[in-house]
Each structure stands twice: as structure tokens, then as C-alpha cells.
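*Asks:* Quick one: sequence plus predicted model below, questions after.
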Amino acid sequence: MKEFSGNTSQIGFTYRLAYANGLEQRAGFRHFLFFPGMLFASRQKWWADGGLRPGFHEGLDLCFFEGAEGCRFRLDETARVPAAFDSR
């Protein structure tokens, strides 16, 4: 498992995602947790029985995070995800 709190160009998105879902108030959000298969270009599946995906992963799975007390949490399908970048 890897942990990720973002570099300075990504802190804005991480903060907006945590704020949009009340993670700081609810759990004291510290950082996202990534398991093998959750990162961009991975072939591994992290769900069900594991194995390989038919192709490379074209995203980044932001599902799990650690709270202030070291407890682990999972975002569910109701999570609000803000835009990663501004558009024009």
C-alpha cells in the first residue's frame, strides 16, 4: 500500500475532495491510501478476486483514506468528486 498526500500542485484537489465530502470534520482526513492496482497504468485489479485487467488502468482510484487517529475509511458511491483542473 502507498500513501499519497499530494505535491503542491495537487493539494488543491485533495483539499476540495476532502472538504466536499466532510472528511476533515468526520474523520480528520490525513491522506489517501492506494493499494496495488489503484494507480494509473496498472494492470492489476484491487477488487474481487484480484487478477489482471484486460487493459491498462486509465485513472486513479480515490477510494480509501486514513483519518487523524490512523483509522482507515472508504468513500462510497455517493462521494462528491470536484473537477481536478479548471476548464475554459
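*Replies:* Sure thing, it's come through.
*Asks:* What separation do you get for Gln44 and Phe56?
*Replies:* According to CB to CB, to the nearest Å, Gln44 and Phe56 sit 10 Å apart. The way it works is simple: take the backbone N, C-alpha and C, and place the C-beta from them, glycine included.
*Asks:* Mind checking which of the two has more residues around it?
*Replies:* Gln44 (14 against 9; other CB atoms under 10 Å).
*Asks:* Identify all residues paired with that one through a beta bridge.
*Replies:* Taking DSSP bridges as the rule, Gln44 bridges to Leu52.
*Asks:* Which residues are in contact with it?
*Replies:* Neighbouring residues of Gln44 by CB atoms under 8 Å, 6 or more residues apart in numbering: 36-37, 50-53.
*Asks:* In PyMOL, select just the buried ones from the residues you listed.
*Replies:* To isolate the buried ones among those in PyMOL, judged by 16 or more other CB atoms under 10 Å, type:
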select buried, resi 37
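*Asks:* Ile21 touches Asp76, doesn't it?
*Replies:* Quick fix: residue 21 is Asn, not Ile. No: counting by CB atoms under 8 Å, Asn21 does not reach Asp76; the two are 9.8 Å apart.
*Asks:* Between the two, which is the more surrounded one?
*Replies:* Using other CB under 10 Å, the more surrounded residue of Asn21 and Asp76 is Asn21, with 20 against 8.
*Asks:* From Arg80, how far out is the more buried one?
*Replies:* Distance from Asn21 to Arg80, counting by CB to CB: 6 Å.
*Asks:* Pull the residues that contact the lengthiest helix in the chain.
*Replies:* If you go by DSSP state H, the chain has its longest helix at helix 11-20. By CB under 8 Å, 6+ apart, the residues outside helix 11-20 that reach it are 5-6, 23-24, 29, 32, 62, 65, 80-82, 84.
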